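**Student:** Next one to model:
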Amino acid sequence: MKKFIIAAVAASVLATPVLAAPFQGHDDRGRVEQNHRTTVVKKTTVRRDARQPEYRKWSKGQRFDSRYASNYRVISNPRAHRLHDAPRGYRWVQSGNDAVLVGITSGIVAGVMANLLR
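**Tutor:** Here you go, the predicted structure:
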């Protein structure tokens, strides 16, 4: 009885690596499938555009976006630039040489004073 148990343990120890081996691509018909391993190389090209961003000429009714305004600044003292005080809910901003009256919450251009600022 001891010999039988020792033989069964020895057989299981020897058979374990064979059963744990990975699948080699054999199917049941004796044909061998080839495993092709491909390496994917990903190249990233960074293009830097030397052009300046395209700035807008603002007109009444457009939605103002400071990303498209050249030399964007909020005009804190409009009387120094010969502008009237902005009504409640509006503010004067500078875009290039233009003074633009913009709604604070909506961002809609209410008026443009072209070439006023130098």
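
**Student:** can you give me the strands for the protein?
**Tutor:** 73-74, 90-95, 98-103, 109-113 (DSSP state E).

**Student:** for the record, mean pLDDT for the shortest one?
**Tutor:** Okay, so that is strand 73-74. For strand 73-74, mean pLDDT rounds to 92.

**Student:** Mind listing what's buried along stretch 88-107?
**Tutor:** For stretch 88-107, a neighbour-count test (16 or more other C-beta atoms under 10 Å) marks 90, 92-96, 98-103 as buried. For every residue, glycine as well, the C-beta is placed using N, CA and C.

**Student:** so where do the helices sit in this structure?
**Tutor:** 2-19 (DSSP state H).

**Student:** In it, what helix or strand scores lowest on average pLDDT?
**Tutor:** helix 2-19 (a mean of 76; mean pLDDT, DSSP states H and E).

**Student:** Please export the C-alpha coordinates of that one as CSV.
**Tutor:** C-alpha atoms of helix 2-19 as CSV (Å, rounded to 0.1, in the frame of the first residue of the first chain):
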residue,chain,number,x,y,z
LYS,A,2,2.8,2.4,0.8
LYS,A,3,4.5,1.6,-2.5
PHE,A,4,1.3,2.5,-4.3
ILE,A,5,0.9,5.9,-2.5
ILE,A,6,4.6,6.7,-3.1
ALA,A,7,4.2,5.9,-6.8
ALA,A,8,1.1,8.0,-7.2
VAL,A,9,2.7,11.0,-5.4
ALA,A,10,5.8,10.6,-7.7
ALA,A,11,3.7,10.5,-10.8
SER,A,12,1.7,13.6,-9.8
VAL,A,13,5.0,15.5,-9.1
LEU,A,14,6.4,14.5,-12.5
ALA,A,15,3.1,15.3,-14.4
THR,A,16,2.5,18.7,-12.9
PRO,A,17,4.9,20.7,-15.1
VAL,A,18,3.6,18.9,-18.2
LEU,A,19,0.0,19.9,-17.4
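
**Student:** Many thanks, have a good one.
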